Structures are given as C-alpha cells and as structure tokens.
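[1] show me how the following folds:
(chains A, B, C and D)
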There are 4 protein chains.
Amino acid sequence: MAQGIVAVGGNILENAQFSDPATGTFCVRTGFETVEEDLGAVRRALSQELVSFSPTLAIRPEDCRRRAIVMVSKLDHCLVDLLYRLRMGELPIEVPLVVSNHTDLREVARREGVEFEHVPVTPDTKPAAEAKLLDLVKAYRADFVILARYMQVLSDDLCRQMPGRIINIHHSFLPGFKGARPYHQAYQRGVKLIGATAHYVTADLDEGPIIEQDVVRVGHGQSVDDLVILGRDVERVVLARAVALHAEERVMLAGPRTIVFRP
Amino acid sequence: MAQGIVAVGGNILENAQFSDPATGTFCVRTGFETVEEDLGAVRRALSQELVSFSPTLAIRPEDCRRRAIVMVSKLDHCLVDLLYRLRMGELPIEVPLVVSNHTDLREVARREGVEFEHVPVTPDTKPAAEAKLLDLVKAYRADFVILARYMQVLSDDLCRQMPGRIINIHHSFLPGFKGARPYHQAYQRGVKLIGATAHYVTADLDEGPIIEQDVVRVGHGQSVDDLVILGRDVERVVLARAVALHAEERVMLAGPRTIVFRP
Amino acid sequence: MAQGIVAVGGNILENAQFSDPATGTFCVRTGFETVEEDLGAVRRALSQELVSFSPTLAIRPEDCRRRAIVMVSKLDHCLVDLLYRLRMGELPIEVPLVVSNHTDLREVARREGVEFEHVPVTPDTKPAAEAKLLDLVKAYRADFVILARYMQVLSDDLCRQMPGRIINIHHSFLPGFKGARPYHQAYQRGVKLIGATAHYVTADLDEGPIIEQDVVRVGHGQSVDDLVILGRDVERVVLARAVALHAEERVMLAGPRTIVFRP
Amino acid sequence: MAQGIVAVGGNILENAQFSDPATGTFCVRTGFETVEEDLGAVRRALSQELVSFSPTLAIRPEDCRRRAIVMVSKLDHCLVDLLYRLRMGELPIEVPLVVSNHTDLREVARREGVEFEHVPVTPDTKPAAEAKLLDLVKAYRADFVILARYMQVLSDDLCRQMPGRIINIHHSFLPGFKGARPYHQAYQRGVKLIGATAHYVTADLDEGPIIEQDVVRVGHGQSVDDLVILGRDVERVVLARAVALHAEERVMLAGPRTIVFRP
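    Here you go, the predicted structure:
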C-alpha cells in the first residue's frame, strides 16, 4: 500500500494492520495525506498496487463524513443521545433522516433539524416497508443504518442486501440473554452485571458480528425497572462508541467476528 | 432481633436487612457484641424472639472461621491463589483439606501445610467417590466446599445434600457460555469482554444462584490461549471474592437468586 | 429505632446501619411503612426513643421528593442529562429551577418546563449573587443545590451555610487533577484512565466529601478534545448517581468522608 | 520500513504506527517473518532504509525473550505473581535473578529456581549498592529491571543510566496519592476507587511515564487493611500487564508519556 500512496505524493500518518488467523483475512487501515486532489486517481493508484490481492477497498476523504439513517420505534434514549452527540460534534457522521414505524419520536428528530419519515410495519406491509427503507437509503445516500432500539426484526433478505452496514444495539450482554425482555431475564437469573451489545445485523437474529460491548454492576436490591434504567446508560454509550468506530472505518469483518482498530 | 440481642446483654455493631420482593424472603445480617459467652444461650434468646417467623438462623462467633474443603483437578491457578490469600490473612476461612481426582496438585497443597486426599473418579466409582467426599466433609467438619476448577460434574444427589454449601467457579460470564470450553466459544463468537462466575452448585448444571461475576476486555488480536490467560485472572479474583462473601455470611439464598450484603 | 417505629404502628421494610470507626459516627437508614399519617407524630416517637443519642434525624414520606436547584454556566451536557432523566422518571427529585451566571442555557431549561433565573456574577457582585441564591433556595423550598458544571467558586461563607447540601461534579478523578483544565493535565501526564468525582462542596475547594467516582480508559491516540468528550459521559453518569443517592438519603457525612448505603 | 523488510526477503505480519502530535515522535512496531537468518543483515537493511530519520531501532527475534532482574524488599505478592506467571508461560520474559535489600524473599525465588542476590542498602552504602546493581544487570545481560514493591528510592544517577528500562509499580492511582502510604491517604480522603500505576522510573519520583493503570471500587465499610488487600490484586495485574507490554516492545516513550500498541 505504501507504494501506491507514495505514487500519488502521499504521506502515511497512521497505520494499523492485522492478519486474522481464523479466517486468513488481512486488514489494513491507513490514514494518509496527499497533494492529489482527485480521489479517483488515488483509488486507481492503490487498486493497481494491490490488484493481486483483490482487496475490498474503501477510500474516504477525512472530511467526507459517513451518512446514517437512524431507525427507532418508541423508546427515545438512544436517539436523543445520538442527536445530542451530533450537535456537540462528538460523532463523525451525518444523520439526514430518522425512520420509525411509529410517530412518537417525530418531534425529537425535528427539534434537532433532522427529517423524519414514518414507515409503519405490519406483517402484510413488511416487504413494502423494507422496500421503502431501501429507497430512502438510496435517496438520502446513506452509507449505513443504525437501529437505535428499533423493535422490528428485519427480513433475511434485507439483512443480506446490507451486510456490515446495519448496526443494532441489543439490550443485553450477548450471548447472555437473547430475544425479548433481556432485563427481565437478567433479573430472574440474578446476574451481578448487565450489559449491552452493538453488532452488525445478519439474518441470524442476535448473532451478527459484535462491534462493542460493556457492562454495569447490579445488585439484589435493584428491580427490573432499575435494571432498565441502568441498562439505558450502557446502551447509549455502547451504541455511540460502535457508531463512531464504524464511521471512522475502524471496524472490519472477518467471518463471524470483527477486527476493531481502536484509536 | 434487637430484643433478643438486648436480652443477652448485646450491642449491635452492624446491620443489613432486605426483603426480597420476588420470593418474600426476609434476610437479616447483624454483627453484635455481647458479654454472654454461652453461644447456646444467645441462640435460645434469638430463637425465642423469632419463633413465629421460623427463621433459618446461623450464629457464629466472629473468630470461629468457616471451614472449607477445596476440590481441584489439574489446573492450579485458583488453588494457588486461595492458599496464597490464606497465608496472607486475606480470606476469613480455614482450609484443612484439598481433595482431587488427580494427584498433580498434591505438592501445591503440602507446600502450604494443607492435607491432600486423592479421590479418583470414574463412571463406575462416582457414587463411592461422592460418598467418600461426604465422609471427608464430616471428618474435617467442613462448612462448605469450594470447586476451584474441579472438572467433574457432581451428581444431583450430592448437590441436593449440600444446598448453598458448594461454590463453583465457572470460566465464563454466565449465562453466556455454558458447558465446556467457554473461552473457545467466546473467541469464536468474537465477544469484546470475557468473564467468570462464582455460583452455588445445584442439580441444574451452570444454573445455580450466582454469587459474584466480573469481566475483562479482550480484543481481536488475542488468541484463545490469550483469553485463557486473561480469564485466569478473573476466575481467581471472582472465586476469592465469592468465598469471602460466603464465609462472612454475606450471601443468602432467595429462590434462584442470591442476596449479597456487601461490605 | 425499632421501638419508635413499632410505637407508631410501623413495619421495617429495609434497614442499613454502619458505625464509622474513624469518627465514631453511627449511621442508620430505615425504610418503614406505618398507619400513622401524622409525620410529626412519627418524628416525636423516634426523637423520644433516640433522645439520649442526640441524633441528626431526617424523616421523609417516600413520595415527598427532595427538591433541587441546578446551577450551570455554559456547558449543557450535565443539565441536559439531568432533565432527561427527570422526564424519564429516573431521578427521585424535583427540579423547580435552573440558575445560571449566563443566559445560554435558558432554552434548555424552558424546553423541559423548568424555570430559569439568570444571576450574573462578577467579583463585585458575588456577595449579592450568593445572597440571591440563598433567597431562591428559600423561595423554591430547595433541599439541595446541584452544581452541574457551574464554573464559579462559591464563597466559604455560602459553603458553610449549606453543609452537605451542595453537590458538585468535578471533571477529574480527585484527588488526581485539582483546579482548572484537568483534561489538559491528564493528557500531559499521560494517564491511562480519566474520571469524574461528585462531592459535597466545602470551603476547601475540590476537597469536600466524595459521594461517587468513576473512570474510563483512554489511550495515547486520544487528544485533549477526545478526553473532554469521553469525560462528559463519565461526568453525566457520576453526577446522576450521586444525586440519586443523595435524594434517597443514602449518603451520610462522617467527617471528611461519606457513608453510602447503596441500593 | 517495508522496503528494508522486502530487501531481506521479509513479509509483514502485523504493524502499528503512531505519530505523536505533542512531541513529533513517530513510532512504528512491526512484526515480520524473513528467510534471512543473520540478524545483523536485517538490522543493516533497515538502518540503511531509515538512515535519514536517525531512528531508535530495536530488532529482536520473537523467540529471544527480554531478560529482567526483579527487585523486591519484604512484600512478596508481586514477586510471587510474576514467578507464577512465568511458570505458566504467561509472561514473555526471562527472569534470571531476584535482587533484594532484605533476605526475606530468598526462598520464594529459590523455590522457582531463580537466583537471589542480597544487596543491602543504607544511606552510606547506597552508591555501592547501585554500582553492584549495574554490575548485576551487565553480568546477567538484563534488558530491564522490575521494581516489584522495592521500597528504596533509586538515585537520580541510576535513573538516568537506565531510561525506559526500569518499571515500577506504585500502589495508587497516580497522580492521586504520591509518596508513602497511599492506601492510608485514600482511606482518609474517602475515595470510592483505589488503583495502581506501573510506570518507568525517572529521577522525578512518581512522575515517570505511565505504562498501565487500573482501579477497583471500594466502600465506606472497608478499612485501610481491606484497601491494602484489594490493592494487592490491582498491583499484581497492572504490573504483569506493564511487563508484558514492555517485553513485547509495545511501549515507546514520547516525552513524558508512553505510546502503547495494545495487542
């Protein structure tokens, strides 16, 4: 890669490489500066150098931020948090649109100047709703989708069309409590730590590659409602971290696992 | 309880109470000093006061430490750690005996002046081996048993004979990875945190009431062997904490969960 | 205490006691239910029983929430967080008023339906501003004051008038980096963890009794700006936890330290 | 660097680079395999390529482990832990010698087959003792020195002779409690977390570049002795992590801070 970068008058600022022994995937993330202003020329130089490896190549000017559509249902804590971080300049992304199967959070989006689209979902309309979502992804030139406590399961078909491009926050420490009402499960099991997991969505529910996880300590005196409240804090932080890692191209897929080049 | 304590000239130093809403169990832990030197008299005074509640009552002079038999197989890190802590005065218990289905760790026990008993286990001899264990519990007046990476599953029958008196350390963050080789499972799933769980042993494998848990962060660059090494640190600390909590009567059972009065 | 509670037909639900060896302070926190509806009668019964101990006695019906005035300057993350938690029912307090030495956050308060008072502070007007604050505390029947990144140092005099009733969030892991710009200090020192500390305000700046602290891991690749962003997450959570602990009377003063009865 | 590696028939397996904005230091760590068996030839190829940068170059065959002398006084928990990890293959170093200003830990070293040298230190004999230490470093071809709770302050002169080659474990979360008896200071201040810090030793006591830190939660009910016990666990783990990071050349100096390429 160094040769291609040199060929366009470039200079490496930062670099991380990892060869995954389990899958043989070789991952590289390089930050470089160059006098070449034509992104196409840079891409050609790198492609030419690396042609024998048939790499998956993603090149992005640093100031050209990844664009995300955020999907929600009725719970607002993750959306509120993401929009607040955007306003504070904490997240290197653009969010042009919030999509929901309900209308409850319309005002939350509007208040921050983000468009809102209501796409209701019933068993009958699900295919149409997902087609609509794909249209919106195109129309808004979205690079990825964030499921910020979106309470609908996506179809296998949709998952396959956007591999590694849909991030979900699951409200448990996977693989601990899959499926519905994980905080109830955690309470009943009497665990001493609860957590949250941000992962890429795949056709296999709650089994997609994990990007980030964290936990918080709980005690016997805390009710299910207390766990829900404590869990919100972890969900927010884990989702925001995963989105930032993804948006800075720090996450790469190696089979069922992720390679994460932390800052 | 206060009345019974006053009746024997006692003075409460420390107290914690909790009423578990899920099971209706009312738990109290009281530290008190008294001029009454006859423990039987103290027990009678408290029993009399509390008779209408039919409580499970455990009374212990503070300097009369709980006695534990430690069971191991071939891995020594938990045993080495427990014995080191004993020598340093970190654990308020006595360990008169180490029992193992192998002979590898005989010297580890002996070096610290602890007796060692080899009780081999095969499918055929399992009932006899467990009967032998119960004999040793009696002979050594052991209050509880610590499974410090003991690699045999205890029979339902044995579990039922010692409810809340056998502590196991499981090398994963339960209920995440049950059964065998949890670090391999964790690696394959690509989790970002691995953990350990100390729990009471019940007939339902890996499902007993959890006493303590903790986790440590892992990354893509760490192999299964690295996870095993990192996991050892968590296992040691979690088991030692659980043993100390149990030995100081800080852990009480409320159905499938524990009430833990932390110091 | 049990006798006084029984005397008013009460029933203890929850209880925690601790005798601080360093100061000799004996702390008790009891949750009880009673048929007696006259709070004065309850107070008299308890006072009478405990008269020989001259206790500091605080009695509160559970549904009568503590009232707090929140003070801010220009940074909004702690205020936004507190108000969001209030709306979600996460914090057992009432916030009738936000006070600021600037007007920037007026809208943040108003949007959540909370009154806002601008009390500018200059070296000359400081005494008058603090007198105004005390008036507001009385007028709004505030039980305590939360300094949610309020950038003015309170006078010794004001601190002494409200001991244990003003909570500050300091943006470092005290006593690590006192004074101004702790994230710059943390960056320059190259620490691997940064933190936040919620403490009661005393005349001795950054030396008041600590209520709650937490930390987050940082690396060499993170700039001062990154530390500020990471620090915000810790500040928010630590302040919210401290406020909840205080509001539920879980924090008691024992000399320069706090006794915290965690849930 | 890639060119030099290619020039000796090499293949990069792993790579991490970082340019420190505060000092302008450019740090690279590369793992590569090569058919060239002559280390001198590899060094010449890399030196030649990088000559214009005048780099500090460290090249090591992976199976040629760094050698460390461990220095202790009377406390054995860090030494016991390091030697246990060595036996388990957890630490990629060799420890040919333990040096102490006391004789208490002679048996601990001997039991693990490590030589032990008693080098007493008094104000009068300190220069001679330090000269002796430097002789031992040479004689045992030690790459670095580990102060595993060694209770003597090294002279400025010695510190300057081994920059970045002496690792100390300080039993507090620096810069929180410097100097003596940090657990007593922590208890008196009433902090809610205590920690440990591994750092390179410089002439400026407790101010050397930090390699690793961690903390553990404490409560009001824990005495100074309890903090000491809890602290031991953190000290052990933090020191072991720092030693492993250093031994794998993952730590580089950039002024008063370290760059740490985590695995």
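[2] list the contacts for residue A:226?
    A:218, C:263 (C-beta atoms under 8 Å, 6 or more residues apart in numbering or on different chains). (Glycine included, C-beta is placed from N, CA and C.)
[3] and it, what's its pLDDT?
    Looking at residue A:226, its pLDDT reads 95.
[4] check residue A:116 too.
    At residue A:116, pLDDT is 98.
[5] just checking, next helix/strand downstream of the helix or strand where it lies?
    For residue A:116, the element it lies in under DSSP states H and E is strand A:115-118. Heading C-terminal from strand A:115-118, the first helix or strand you meet, by DSSP H and E, is helix A:126-139.
[6] tell me what the residue nearest the centre of chain A is bridged to.
    For chain A, the residue nearest the mean C-alpha position is residue A:167 (3.4 Å; C-alpha atoms, centre = their mean). When bridges are called by DSSP bridges, residue A:167 pairs up with residue A:146, residue A:200.
[7] how near is it to residue A:145?
    7 Å (C-beta to C-beta, to the nearest Å).
[8] identify the residue spatially nearest to the residue in the stretch 51-200 of chain A that chain C sits nearest to, adjacent ones excluded.
    Evaluated by C-beta to the nearest C-beta, the stretch 51-200 of chain A has residue A:90 as its residue closest to chain C, separated by 4.9 Å. Computed as C-beta to C-beta, 6 or more residues apart in numbering or on different chains, the closest residue to residue A:90 that is not its neighbour in sequence is residue C:229, at 4.9 Å.
[9] could you pull up the residues touching the residue lying closest to residue A:201 once chain neighbours are set aside?
    Spatial nearest neighbour of residue A:201, excluding adjacent residues (C-beta to C-beta, 6+ apart): residue A:166 at 4.1 Å. Residue A:166 makes contacts with A:144-147, A:154, A:159, A:200-201, as judged by C-beta under 8 Å, 6+ apart.
[10] who wins for most neighbours among those residues?
    Per-residue neighbour counts (other C-beta atoms under 10 Å in any protein chain shown) across the contacts of residue A:166 peak at residue A:146, which has 28 neighbours.
[11] coming back round to it: quick one: the residue of the stretch 51-200 of chain A closest to chain C and residue C:228 touch, right?
    No. Contact criterion C-beta atoms under 8 Å: residue A:90 and residue C:228 do not qualify, at 9.5 Å.
[12] re earlier: how close does the residue nearest to residue A:201 sit to residue A:153?
    Applying C-beta to C-beta to residue A:166 and residue A:153 gives a distance of 12 Å.
[13] before we move on, what about residue A:146?
    Distance of residue A:146 to residue A:153, given as C-beta to C-beta: 16 Å.
[14] same question, residue A:7
    47 Å.
[15] tell me which of the two has more neighbours.
    Between residue A:7 and residue A:153, counted using other C-beta under 10 Å, the more crowded position is residue A:7 (17 against 13).
[16] so the longest helix along chain A versus helix C:224-247, what angle?
    Taking DSSP state H as the criterion, chain A has its longest helix at helix A:224-247. Relative orientation of helix A:224-247 versus helix C:224-247 (axes from the mean of the first three to the mean of the last three C-alpha atoms, to 10 degrees): 180 degrees.
[17] so how far is helix A:224-247 off the chain centroid?
    Chain-centre distance of helix A:224-247: 13 Å, with C-alpha atoms, centre = their mean, to the nearest Å.
[18] tell me what the following helix or strand past that helix is packed against?
    Using DSSP H and E, the next helix or strand after helix A:224-247 towards the C-terminus is strand A:251-254. Contact partners of strand A:251-254 among helices and strands, from 3 or more C-beta pairs under 8 Å, 6 or more residues apart in numbering or on different chains; DSSP states H and E: strand A:26-34, strand A:257-260.
[19] give me the residues contacting strand A:251-254.
    A:20, A:22-23, A:25, A:27, A:29, A:163-164, A:200, A:209, A:211, A:242, A:245, A:258-261, B:220.
[20] so what are the sheet partners of that strand and their directions?
    Here, using DSSP bridges, strand A:251-254 pairs with strand A:257-260 (antiparallel).
[21] same question for the strand it pairs with, mean pLDDT?
    96.
[22] okay but residue A:258 is in contact with residue A:208, surely?
    No. In this structure residue A:258 lies outside contact range of residue A:208 using C-beta under 8 Å: 9.5 Å.
[23] what residues does the stretch 151-263 of chain A have near chain C?
    Proximity of the stretch 151-263 of chain A to chain C (C-beta under 8 Å from any C-beta of the partner chain) is limited to residues A:219, A:221-222, A:226, A:229, A:232-233, A:237, A:262-263.
[24] for those residues, which one is nearest residue D:136?
    For those, the closest approach to residue D:136 (C-beta to C-beta) belongs to residue A:262, at 38.9 Å.
[25] quick check, pLDDT for residue A:155.
    95.
[26] against residue A:146, how distant is the closest residue in space to it that isn't next to it in sequence?
    Excluding its sequence neighbours, the residue lying closest to residue A:155 (C-beta to C-beta, 6+ apart) is residue A:130, at 5.9 Å. Distance, residue A:130 to residue A:146, using C-beta to C-beta: 16 Å.
[27] now do residue A:99
    In terms of C-beta to C-beta, residue A:99 sits 10 Å off from residue A:146.
[28] same thing with residue A:118?
    Distance of residue A:118 to residue A:146, given as C-beta to C-beta: 17 Å.
[29] cool, and residue A:155?
    From residue A:155 to residue A:146 the distance is 18 Å (C-beta to C-beta).
[30] picking up where we left off before, which neighbours do residue A:99 and residue A:146 have in common?
    Joint contacts of residue A:99 and residue A:146 (C-beta under 8 Å, 6+ apart) are A:69-71.
[31] most surrounded residue in these?
    residue A:70 leads those on contacts (other C-beta under 10 Å) with 28 neighbours.
[32] next up, phi/psi of that residue, please.
    phi -100, psi 130 (degrees, to the nearest 10).
[33] OK, contacts around it?
    If you count contacts by C-beta under 8 Å, 6+ apart, residue A:70 has them with A:79, A:82, A:95, A:97-99, A:145-146, A:148.
[34] out of these, which are inside helices?
    A:79, A:82.
[35] and the residue of chain A most remote from its centre, how far from residue B:20?
    Largest separation from the mean C-alpha position in chain A: residue A:221, at 33.9 Å (C-alpha atoms, centre = their mean). Relative to residue B:20, residue A:221 is positioned 9 Å away (C-beta to C-beta).
[36] close enough to count as contact, residue A:21 and residue B:223?
    Yes. At 7.3 Å, residue A:21 counts as touching residue B:223 under the criterion of C-beta under 8 Å.
[37] not counting sequence-adjacent ones, nearest residue to residue A:242?
    In space, residue A:242 is closest to residue A:198, 3.3 Å off (C-beta to C-beta, 6+ apart).
[38] the one you found: helix or strand, and which one exactly?
    strand A:193-200.
[39] now residue A:11
    Assigned by DSSP H and E, residue A:11 falls in strand A:10-19.
[40] buried ones in that strand?
    Within strand A:10-19, the residues that qualify as buried are A:10, A:12, A:15-19, counting by 16 or more other C-beta atoms under 10 Å in any protein chain shown.
[41] what's the closest of the residues you listed to chain C?
    Nearest to chain C among the buried residues of strand A:10-19, counting by C-beta to the nearest C-beta, is residue A:16 at 10.0 Å.
[42] I figured the closest one hits residue D:14, correct?
    No. Counting by C-beta under 8 Å, residue D:14 is not a contact partner of residue A:16; they are 9.3 Å apart.
[43] tell me the residues of the stretch 101-250 of chain A that contact chain B?
    Going by C-beta under 8 Å from any C-beta, the residues of the stretch 101-250 of chain A near chain B are A:173-177, A:187-193, A:195, A:209-215, A:219-221, A:223.
[44] at 7 Å what do you get?
    A:173, A:175-176, A:189-193, A:209-210, A:212-213, A:215, A:219-221 (C-beta under 7 Å from any C-beta of the partner chain).
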